[in-house]
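[1] this one's sequence-less:
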């Protein structure tokens, strides 16, 4: 496929790795923030090919994984309402709540539909006018403009039965929070390419400016990732951190201004709870008051008291403090067939990736 | 979740939707976020929406990577 195959060129990858090996004295931790990066790194086997002094750490970039148990319990309560249909991306269905999951609720008779595009929720609203259609609005900046677009379309069409349960989260505040906890040493960030296609490269400026840590916006193919790692090594070596864009074919400095405008028109920043990180100020987005009639949070439902499995260490995995191999449940109790924590459910979860690709160290 | 796949616009359906060829498969894609997309453009498709145009005339990471190795 054009724009994919040439970015998977084996010889070019090997040459780039040789270049990365020119910095043996730099022992660095590089965080790939995006779950799609994590999967790409594992799938292409890059982790094994990189020299020992380059450590890749997975960050909190899988939206399913960072959704807290309390939000899952809230969804389940919504799913139990009469004449209600939940429209959601597939991964969310399997994430365990305190005592149930959307999958279990579906088995008990709840109407839960897996969709590929948020737009399908609008089609469902029109096809089932007697039902309340609740779209589970999960995602980072890549997906949020899509949700905004759907809300605006529902508003234009004056749909009375469309609702959004927003779990939208934004990247810059969480990066800030991770840096402020100071739990791990981070020497460079591989910034998320498709989030950046929307927000551009400017929102990362605070990282080199205030934390003196280099950032490189990267694409998702092996050549993209290796090129970004090489540039992080060069920046670390020169000790002159900046925000670099190594995904210029898709990311403009200003991002996608039309998409950003739609996001701002529909959503307003709120404090959001992240699995493993707790409440992070201004890191979530909820519907603006103009759209409150569509806000599924306004339904009065009884939500059970949330409880996480005390042995589950997804939180630390998401903060990059431990790898899944340090979790006592990993591969023993927690598997993709029987996930205990969200990081094992999502195909982009770090635990699922470690499981699938048989990572042993 | 943030997966986006490159495809080529091969036809227009209406003002909001285009036909896109992705790895030999024709898909309908919404262009709400990229209203000036035109036939022949390569775009990145995320969950049924075009999120950005691919512009290799301005930037080609493969060429840049080779240049970097050769330098």
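    That came through fine. Everything quoted here is computed from the prediction, not taken from an experiment.

[2] the residue nearest to residue A:273 when sequence neighbours are not counted: what's it in contact with?
    Take residue A:273 and drop its neighbours on the chain: the residue closest to it by C-beta to C-beta, 6 or more residues apart in numbering or on different chains is residue A:68, 4.8 Å away. C-beta here means a position set from N, CA and C on the backbone, and glycine is covered the same way. Remark: with contacts taken as C-beta atoms under 8 Å, 6 or more residues apart in numbering or on different chains, residue A:68 is in contact with A:273-275, A:306.

[3] roughly how far apart are residue A:68 and residue A:206?
    26 Å (C-beta to C-beta, to the nearest Å).

[4] just checking, residue A:215 touches residue A:236?
    No. Using C-beta atoms under 8 Å, residue A:215 makes no contact with residue A:236, being 11.5 Å away.

[5] the two - which one has more neighbours?
    residue A:215 (28 against 18; other C-beta atoms under 10 Å in any protein chain shown).

[6] show the contacting residues for the more buried one.
    A:188-189, A:191, A:204, A:207-208, A:241-244.

[7] ok, and the most crowded of the residues you listed?
    The most neighbours of any of those, using other C-beta under 10 Å, belong to residue A:191, which has 31 neighbours.

[8] for residue A:61, give me the pLDDT.
    We have a pLDDT of 88 for residue A:61.

[9] likewise for residue B:58?
    Confidence per residue is given as pLDDT, and for residue B:58 that number is 69.

[10] ranges for the strands of chain A?
    Secondary structure of chain A, counting by DSSP state E: strands at A:28-32, A:54-58, A:84-88, A:111-114, A:132-139, A:162-169, A:188-192, A:215-218, A:243-245, A:267-274, A:278-287.

[11] tell me which residue is most central in the chain.
    Just so you know, I chose chain A. What sits nearest the mean C-alpha location of chain A, by C-alpha atoms, centre = their mean, is residue A:62, with 2.9 Å.

[12] the chain in question should be chain B.
    residue B:43 (1.1 Å).

[13] nearest residue to it other than its sequence neighbours?
    For residue B:43, ignoring the flanking residues on the chain, the nearest one in space by C-beta to C-beta, 6+ apart is residue B:50 at 4.3 Å.

[14] neighbours around residue B:61, how many?
    The number of residues packed near residue B:61 is 22, by other C-beta under 10 Å.

[15] hang on, isn't it packed against residue A:3?
    No. Between residue B:61 and residue A:3 there is no contact, the gap being 10.1 Å when judged by C-beta under 8 Å.

[16] need the overlap of contacts for these two.
    Common neighbours of residue B:61 and residue A:3, counting by C-beta under 8 Å, 6+ apart, are residue A:249.

[17] and residue B:15, how many residues sit next to it?
    Counted with other C-beta under 10 Å, the burial measure for residue B:15 works out to 9 neighbours.

[18] please name the residues that touch it.
    Taking C-beta under 8 Å, 6+ apart as the definition of contact, the neighbours of residue B:15 are residue B:35.

[19] tell me which element it is part of?
    Counting by DSSP states H and E, residue B:15 is held by no secondary-structure element, helix or strand.

[20] about what we covered before: give me the element the residue nearest to the centre of chain B is part of.
    Under the criterion of DSSP H and E, residue B:43 resides in strand B:42-46.

[21] what parts of chain B come near chain A?
    B:1-4, B:6, B:8, B:22-23, B:30, B:32-35, B:42, B:44, B:46-49, B:51-52, B:54-56, B:58-62, B:64-66, B:68-69 (C-beta under 8 Å from any C-beta of the partner chain).

[22] in helices, which of these fall?
    Among the residues of chain B next to chain A, the members falling in helices (DSSP state H) are B:61-62, B:64-66, B:68-69.

[23] report the buried members of the residues you listed.
    With burial judged by 16 or more other C-beta atoms under 10 Å in any protein chain shown, the buried subset of these is B:61-62, B:65-66.

[24] hmm, back to that, quick check: the farthest pair among the contacts of residue A:68?
    A:274 and A:306 (13.9 Å; C-beta to C-beta).

[25] if you count surrounding residues, which of the two has more?
    residue A:274 (22 against 15).

[26] what's the distance between the more buried one and residue B:1?
    Between residue A:274 and residue B:1 the computed distance is 15 Å (C-beta to C-beta).

[27] can you give me the helices in the stretch 201-350 of chain A?
    Along the stretch 201-350 of chain A, the stretches classed as helices by DSSP state H, counting those that start in this stretch are A:206-211, A:222-238, A:257-266, A:314-319, A:342-345, A:350-356.

[28] oh, that last question was meant for the stretch 1-150 of chain A, not what I typed.
    Secondary structure of the stretch 1-150 of chain A, counting by DSSP H, counting those that start in this stretch: helices at A:10-20, A:35-43, A:46-49, A:63-66, A:69-79, A:90-93, A:102-107, A:119-127, A:144-156.

[29] how far off centre is the third one?
    In other words, helix A:46-49. For helix A:46-49, the distance between its averaged C-alpha position and the chain's averaged C-alpha position is 22 Å (C-alpha atoms, centre = their mean, to the nearest Å).

[30] and the contacts of stretch A:110-122?
    Residues contacting stretch A:110-122 (C-beta under 8 Å, 6+ apart): A:79-80, A:84-90, A:93, A:102-103, A:105-106, A:124, A:131, A:133, A:135, A:137, A:143, A:146-147, A:149-150, A:153-154, A:157, A:159, A:162, B:30, B:47-49.

[31] quick one: buried residues of it?
    A:110-112, A:115, A:117-122.

[32] if I look at the nearest residue to residue A:262 once chain neighbours are set aside, how far off is residue A:64?
    The spatially closest residue to residue A:262, leaving aside those adjacent along the chain, is residue A:148, at 4.1 Å (C-beta to C-beta, 6+ apart). Between residue A:148 and residue A:64 the distance is 20 Å, computed by C-beta to C-beta.

[33] and the residue nearest to residue A:262, what does it touch?
    When contacts are counted by C-beta under 8 Å, 6+ apart, residue A:148 touches A:259, A:262-263, A:265-267.

[34] show me what counts as buried in the lengthiest strand in chain B.
    What stands out as the longest strand in chain B, according to DSSP E, is strand B:5-12. Buried residues in strand B:5-12, counted by 16+ other C-beta under 10 Å: B:5-9.

[35] rewinding a little: for the buried ones among the ones in helices among the residues of chain B next to chain A, which one is nearest residue A:301?
    Each of these was checked against residue A:301 using C-beta to C-beta; the closest is residue B:61, at 47.9 Å.
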